[in-house]
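Asks: sequence isn't available, so here's the structure alone:
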């Protein structure tokens, strides 16, 4: 496995874990456990940042060394997962807010 593949798997693993945390946060909020939901969002953020840093490293390599200009399905998948996790975070935050408002009624 070369450096590009390893980085792609690091991105996929980190942001996949982040996305799972965001989904679990929604479930906690649905149960009324807003502290638990907040904790899971923070955990997700930490994992997302890991994936984001790995992705930024790829971009930096391409800028510095011209590497990375070959587009592979694995890298495309990693970027897709990165964007998906970001979208799930946005949805999670919105749903948590909705559940909080519902719980006050």
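Replies: Arrived safely. Note that the structure is a prediction, hence the values are computed from the model and not measured.
Asks: could you point out which element follows the helix or strand of the chain with the lowest mean pLDDT?
Replies: One helix or strand of the chain scores below all others by mean pLDDT, DSSP states H and E: helix 34-65, with a mean of 92. Under the assignment DSSP states H and E, the closest C-terminal helix or strand after helix 34-65 is helix 73-104.
Asks: next, count neighbours for residue 58.
Replies: Residue 58: 19 surrounding residues under other Cβ atoms under 10 Å. Where C-beta positions appear, they are placed from N, C-alpha and C, glycine not excepted.
Asks: show me what counts as buried in the least confident helix or strand of the chain.
Replies: When burial is assessed from 16 or more other Cβ atoms under 10 Å, helix 34-65 yields the following buried residues: 34, 37, 40-41, 43-44, 47-48, 50-52, 54-55, 58, 61.
Asks: phi, psi of residue 33?
Replies: In terms of degrees, to the nearest 10, the main-chain angles of residue 33 are phi -90, psi 80.
Asks: and stretch 16-26, what's buried?
Replies: Of the residues in stretch 16-26, 16-22, 24-26 count as buried by neighbour count, 16+ other Cβ under 10 Å.
Asks: and that stretch, how far from the chain's centre?
Replies: Centroid separation for stretch 16-26 versus its chain: 8 Å, with Cα atoms, centre = their mean, to the nearest Å.
Asks: and if you look at stretch 63-82?
Replies: Averaged C-alpha coordinates place stretch 63-82 at 17 Å from its chain's average position (Cα atoms, centre = their mean).
Asks: what's the first-to-last distance across it?
Replies: 20 Å (Cα to Cα, to the nearest Å).
Asks: name the residues that touch it?
Replies: Where contact means Cβ atoms under 8 Å, 6 or more residues apart in numbering, the residues beyond stretch 63-82 that reach it are 4-5, 7-9, 11-12, 15-16, 19, 51-52, 55, 58-59, 61-62.
Asks: what residues sit buried inside it?
Replies: 68, 75, 78-79, 81-82.
Asks: coming back round to it: report the angle between the axes of the least confident helix or strand of the chain and helix 73-104?
Replies: Counting by axes from the mean of the first three to the mean of the last three Cα atoms, to 10 degrees, helix 34-65 lies at 150 degrees to helix 73-104.
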